[in-house]
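> let me see the structure of the following:
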Amino acid sequence: MLLVTAGSRGDVEPFVALARAAQRAGHTVRVVAPDNSGVAADGVDVVSLGVDYSHLIQAQGVSVRAAIANYRRAVKPAMRKVIVEPARIARDFRPDVVVAHPKVLSAPLIGEALGIPHVLVEMVPAVTPTRAFAAAGTVTADLGPLNRLTYRAASGAAALFRRDLREASALLGIRMPRRMAPPTATLLPVSPALLSRPDDWPASAHLTGPWRDQPPASVHLPAEVDAFLAAGPFVYAGFGSMAAGDPHARGRIVAEAARRTGHRLLIATGLGGLAVADDLRGDDLLVVDAVSHELVLPRASAAIHHGGVGTVHAALRAGVVSVVVPFIADQPFWGALLHRRGLGPAPIPARRLTTDRLARALGGAPHHADAVAEVATRMRDDRGTDAALEVIAKLG
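Residues are numbered from 1 along each chain as shown. Below you'll find the predicted structure:
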């Protein structure tokens, strides 16, 4: 198997988890992934995609405006590697199946050139059209019959990178087709306990449940973090790689809202999503770069985060209520879904984050605890990597 992903940590972790499960099942697996993702991939054959998304995020942030401003200098060169490098690796590796992130626009070419199944990993529901809801990353309102139209944006991405796709085609020894072949199968690593499968999805689209690794028994929290958690109830706050706007202002808002509502606070600064000034620090506030969600969230009373799909799953699985502060892309989709299902307070867009709004959301979080506990119980039945491998095995 050739597994190819692109993006930040949340885009890499599921692919590494699938790779480990595939290896346990006896498959030979190679993962093509970005550099410096922060994901531990011990025992997995990982080769470089040639792109460092962590560096890109730290250099230009994550806003749409920054992406447009840096399109020629940073975004386009990065996408060329995302398109061309997997083609080169696949040509040499000769896999029996290619399983790829939606950013890897050359995956259909790999499938055609090698005569193998191409599996699309739809990390969030933004590619397979449905009337049930608008594509994640577009609008959060229900547009009814027009919901299907919001999925056209994803299909137009190839037009921006035709030169790179022609280069990938040449590497693979085929002519660039007029139209890309559809995936043989589509896998969505999303829990059915969170998102109901739309009735109008094709049979080739599979809602598998999230792909994750259990933390090794040898992995422990740093002593300072463990001691802080043991000292009493706390709220977790982390915005991951959301390096946009003023992280110090956000850090102050989060700290003041937690103190106003009587909560101790663990802040993970991530790649610049939050920063904490010295005058805010105290015995009730611990600041770290990053922590294991699997080890921390089950002990938290609430989690303030950006609403990335990985963090949403981790919080639900831990039975902790999320206060979502969405920034971009699919994050508003998940925040709106949690609120609509009674699993969390209304999301607070990052640009509208204030101490008052966040304090009100934290104060209302306990009202959602029972609904979250019910979903957490259902998520115990998720066997995401097993379900994904079952689908892949049937394609041969």
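
> how far off centre is the helix or strand harbouring residue 113?
Per DSSP states H and E: residue 113 is located in helix 107-114. Relative to the chain's own centre, helix 107-114 is displaced by 25 Å; criterion: C-alpha atoms, centre = their mean, to the nearest Å.

> just the mean pLDDT for that helix, thanks.
The average pLDDT within helix 107-114 is 97.

> ranges for the helices of the stretch 101-250 of the chain?
107-114, 152-155, 157-160, 162-172, 223-230, 247-260 (DSSP state H, counting those that start in this stretch).

> mean neighbour count added to those helices, as TSV?
C-beta coordinates here come from the backbone N, C-alpha and C atoms, glycine included. Formatted as TSV, the helices of the stretch 101-250 of the chain follow (neighbours: other C-beta atoms under 10 Å):
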stretch	mean neighbour count
helix 107-114	23
helix 152-155	13
helix 157-160	12
helix 162-172	18
helix 223-230	14
helix 247-260	20
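
> quick one: closest of those to residue 41.
Residue 41 lies closest to helix 107-114 among the helices of the stretch 101-250 of the chain, at 20.5 Å (C-beta to C-beta).

> which neighbouring elements make contact with the closest one?
Under the contact criterion of 3 or more C-beta pairs under 8 Å, 6 or more residues apart in numbering; DSSP states H and E, helix 107-114 touches helix 76-93, strand 98-100, strand 118-121, helix 162-172.

> how is the chain divided into domains?
Domains of the chain are assigned by automatic domain parsing as 2-183, 223-379.

> end to end, how far does the longest one reach?
One end of domain 2-183 sits 15 Å from the other (C-alpha to C-alpha, to the nearest Å).

> the shortest one too?
Using C-alpha to C-alpha, the span of domain 223-379 from its first residue to its last is 30 Å.

> ok now that domain, how far from the chain's centre?
Offset of domain 223-379 from its chain centre (C-alpha atoms, centre = their mean): 16 Å.

> and that domain, average pLDDT?
On average, the pLDDT along domain 223-379 is 95.

> and the closest residue to residue 243 other than its chain neighbours, helix, strand or coil?
Sequence neighbours aside, residue 272 is the residue nearest to residue 243 in space, at 3.3 Å (criterion: C-beta to C-beta, 6 or more residues apart in numbering). Classification of residue 272 using DSSP: H, G, I helix; E, B strand; the rest coil returns coil.

> got it, and residue 303?
Here residue 303 is recorded as strand under three-state DSSP.

> mind listing what it touches?
Counting by C-beta atoms under 8 Å, 6 or more residues apart in numbering, residue 303 makes contact with 235, 236, 237, 297, 311, 315, 318, 320, 321, 322, 323.

> change it to 10 Å
Residue 303 makes contact with 235-238, 266, 293, 296-297, 311-312, 314-316, 318, 320-324, 344, 365, according to C-beta atoms under 10 Å, 6 or more residues apart in numbering.

> to residue 181, which of the helices of the stretch 101-250 of the chain lies closest?
When those are compared by C-beta to C-beta, helix 107-114 sits nearest residue 181, at 4.8 Å.

> by how many degrees do that closest one and helix 162-172 diverge?
On the basis of axes from the mean of the first three to the mean of the last three C-alpha atoms, to 10 degrees, helix 107-114 is oriented at 20 degrees to helix 162-172.

> take the domains of the chain and lay them out in a markdown table including distance to residue 210.
Formatted as a markdown table, the domains of the chain follow (distance: least, C-beta to C-beta, whole Å):
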| stretch | distance to residue 210 |
| --- | --- |
| domain 2-183 | 7 |
| domain 223-379 | 5 |
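
> closest one to residue 388 among these?
Comparing the domains of the chain by C-beta to C-beta, domain 2-183 comes nearest, at 6.0 Å.
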